[in-house]
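Chemist: give me a model of this one.
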Amino acid sequence: MNDKELFTNYEKYLGKDVTLEGWIKNHRKQKEFGFISFSDGTYFSQIQIVYDNKLSDFEEIAKYRIGSSIQVTGEVVKSPKETQPFEIQAKSISLLGDCLEDYPIQPKKHSREFLREQAYLRPRTNLFQAVFQVRSKAAFAIHEYFQKKDFVYFHAPLITASDCEGAGEMFRVTTLNLEDIPKNKDGSVDYSKDFFGKMASLTVSGQLQAETFALAYKNVYTFGPTFRAENSNTKTHASEFWMIEPEMAFCDLTKDMDIMEEMLKYVVKYVLDNCCKELEFLDSFVEKGLIDKLNNLVKKKAIRITHYQAIKELKEANKNFEFTPEFGEDLAREHEKYLTEEKYNAPVFVYDWPKDIKAFYMRVNDDNKTVAAVDLLVPDSGELMGGSQREERYDILLKRMQELNTGVEELDWYLKLRQYGGCIHSGFGMGFERLIMYLTGIENIRDVIPYPRTPGNCEF
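Modeler: Sure, this is the predicted structure:
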């Protein structure tokens, strides 16, 4: 028996004895009675356990501390309180694991900064029980969506010699003695002495490898950890995070956008349907109107505009932007906010981006100024997903790689993919933690991943 089974079928158990194992969330003792708020973590609401001095070990039970694990056997009865459907009249309560008096998670409000320092205990709080349940359900929904569409789940390597984004912000993987690094005659590091015989890093994206499988299975997706050695201390950046990256053969940018929108709405709808209690809590205590926001996303069709159109509309808005919108440049957060919340009040696809600010693998459009790239902007959060039609033409891809000084030799296999039965193909990426922030209303990425890895922080 667990809490979830009892809550969802409590009428079936009224008048019957049940046995539960879990933890004390709160404990109020009186002269002849005691009340324990109890949870085993399987359901968001807590169960009230009532015990009285008829129990032979009443005085001992009254000493059980918050955080202790216990086993409870008792009768399920209707609760006199309207706020809870039932309670348990205890017949026995056994201590399974005591808890020290200095237990940090007491029944009071704790700051999120404090709870980050207690990351190994914070899943026991209401806030993080809700957040990580949403994370679990969203992860399942992503797999379910792609599996129903017959996508093959591809496990991208975490150690790689390829820099997909070309930014160089990668964590090095080495077994070299850092106290005595072998050097070549020119003073450079002699990677031939290293474990892989070449420079290796933790991956920033599984996209390039996923493309190779897409050209064998048609539709594939990755869902796993990625790493960025970017010294950024913002609320939206982490050094380790999870990415969803589908790749689809015989798919152009239009179809790519179709799948981006469909997948996002599927996941949001799944969470709305399966995390009702958690979302109600988050709506009340984290972001007022969260549930309405998510329902609106599911209902509203995304707008599609080119980057040129987006800049034109921003310039014509007569808004006093801090950063002036310019053709050929990226969008600022305030620009995304205007487009999604004021201009359209809906999700917005911005596509056909300036070639000079995008990656080498994106397909060059006929104007030779833009590439078939797209970002999906959503109200309240801005950019949530990004994708592109990949450059399938060997000569143009080679030229782009040379222009951007991307390692042609290291990515020779990627180029050859265009010569061995290549085809039009597209894909996109979504940072999983960005999605969880959107689903929960949590503003800091450190609070939607179990153990955040950020510059200067690698605890637990």
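
Chemist: going forward, measure contacts and count neighbours with C-alpha atoms only.
Modeler: Will do.

Chemist: ok, for Ile442, nearest residue in space, not its chain neighbours?
Modeler: Spatial nearest neighbour of Ile442, chain neighbours left out: Val286 (6.8 Å); criterion: Cα to Cα, 6 or more residues apart in numbering.

Chemist: which stretches in the stretch 151-300 of the chain count as helices?
Modeler: 207-217, 253-274, 276-285, 290-299 (DSSP state H, counting those that start in this stretch).

Chemist: tabulate these (JSON lines), appending mean pLDDT.
Modeler: What follows is these, written out as JSON lines (pLDDT from 0 to 100):
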{"stretch": "helix 207-217", "mean pLDDT": "97"}
{"stretch": "helix 253-274", "mean pLDDT": "98"}
{"stretch": "helix 276-285", "mean pLDDT": "97"}
{"stretch": "helix 290-299", "mean pLDDT": "97"}
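
Chemist: nearest to Cys458, of those helices?
Modeler: Closest approach to Cys458 among those (Cα to Cα): helix 207-217, 26.3 Å.

Chemist: elements contacting the closest one?
Modeler: strand 219-227, strand 240-249 (3 or more Cα pairs under 8 Å, 6 or more residues apart in numbering; DSSP states H and E).

Chemist: repeat the analysis, applying 10 Å as the threshold.
Modeler: If contacts are counted by 3 or more Cα pairs under 10 Å, 6 or more residues apart in numbering; DSSP states H and E, helix 207-217 sits against strand 152-153, strand 219-227, strand 240-249, helix 412-416, strand 425-431.

Chemist: torsion angles phi and psi at Ile445?
Modeler: Here is the backbone geometry of Ile445 (degrees, to the nearest 10): phi -60, psi -20.

Chemist: check what pLDDT Glu59 gets.
Modeler: Per-residue confidence (pLDDT) for Glu59: 95.

Chemist: for it, which residues are in contact?
Modeler: Lys29, Lys31, Glu32, Gly34, Asp52, Asn53 (Cα atoms under 10 Å, 6 or more residues apart in numbering).

Chemist: does the third one really touch Ile61, like I thought?
Modeler: Spelled out, it's Glu32. No - counting by Cα atoms under 10 Å, Glu32 does not reach Ile61; the two are 12.0 Å apart.

Chemist: comparing those two, which shows the higher neighbour count?
Modeler: Taking neighbours as other Cα atoms under 10 Å, Glu32 and Ile61 compare with Ile61 leading, 19 against 11.

Chemist: Val374 and Val267, how far apart?
Modeler: 20 Å (Cα to Cα, to the nearest Å).

Chemist: now Ser284
Modeler: 22 Å.

Chemist: thinking again about what came up before, out of the helices of the stretch 151-300 of the chain, flag the one nearest Phe38.
Modeler: Per Cα to Cα, nearest to Phe38 of these: helix 276-285, 16.7 Å.

Chemist: quick one: that closest one to helix 253-274, angle?
Modeler: Here helix 276-285 runs at an angle of 90 degrees relative to helix 253-274 (axes from the mean of the first three to the mean of the last three Cα atoms, to 10 degrees).

Chemist: and helix 276-285, which residues are buried?
Modeler: Neighbour-count burial for helix 276-285 flags Glu278, Leu279, Glu280, Phe281, Leu282, Asp283 (criterion: 16 or more other Cα atoms under 10 Å).

Chemist: what's the answer for stretch 354-371, then?
Modeler: Pro354, Lys355, Lys358, Ala359, Phe360, Tyr361, Met362, Arg363, Val364, Asn365, Thr370, Val371.

Chemist: state the next helix or strand along the chain beyond the host helix or strand of Glu21.
Modeler: Here Glu21 sits within strand 17-29, counting by DSSP states H and E. For strand 17-29, the following helix or strand on the C-terminal side (DSSP H and E) is strand 33-39.

Chemist: re earlier: can you redo the buried residues of stretch 354-371 as TSV with pLDDT, secondary structure and distance to Asn274?
Modeler: What follows is the buried residues of stretch 354-371, written out as TSV (pLDDT from 0 to 100; DSSP: H, G, I helix; E, B strand; the rest coil; distance: Cα to Cα, whole Å):
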residue	pLDDT	secondary structure	distance to Asn274
Pro354	97	strand	40
Lys355	96	helix	41
Lys358	95	coil	38
Ala359	93	coil	37
Phe360	94	coil	40
Tyr361	96	coil	38
Met362	97	strand	37
Arg363	98	coil	39
Val364	98	strand	42
Asn365	97	coil	42
Thr370	97	strand	41
Val371	98	strand	39
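
Chemist: possible to save the residues you listed as a markdown table with distance to Lys343?
Modeler: What follows is those, written out as a markdown table (distance: Cα to Cα, whole Å):
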| residue | distance to Lys343 |
| --- | --- |
| Pro354 | 22 |
| Lys355 | 26 |
| Lys358 | 25 |
| Ala359 | 29 |
| Phe360 | 32 |
| Tyr361 | 31 |
| Met362 | 28 |
| Arg363 | 29 |
| Val364 | 29 |
| Asn365 | 27 |
| Thr370 | 24 |
| Val371 | 25 |
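
Chemist: now do Lys148: how many residues are near it, please.
Modeler: 8.

Chemist: any idea how far Glu82 is from it?
Modeler: Distance from Lys148 to Glu82, counting by Cα to Cα: 42 Å.

Chemist: fine by me, we can end here.
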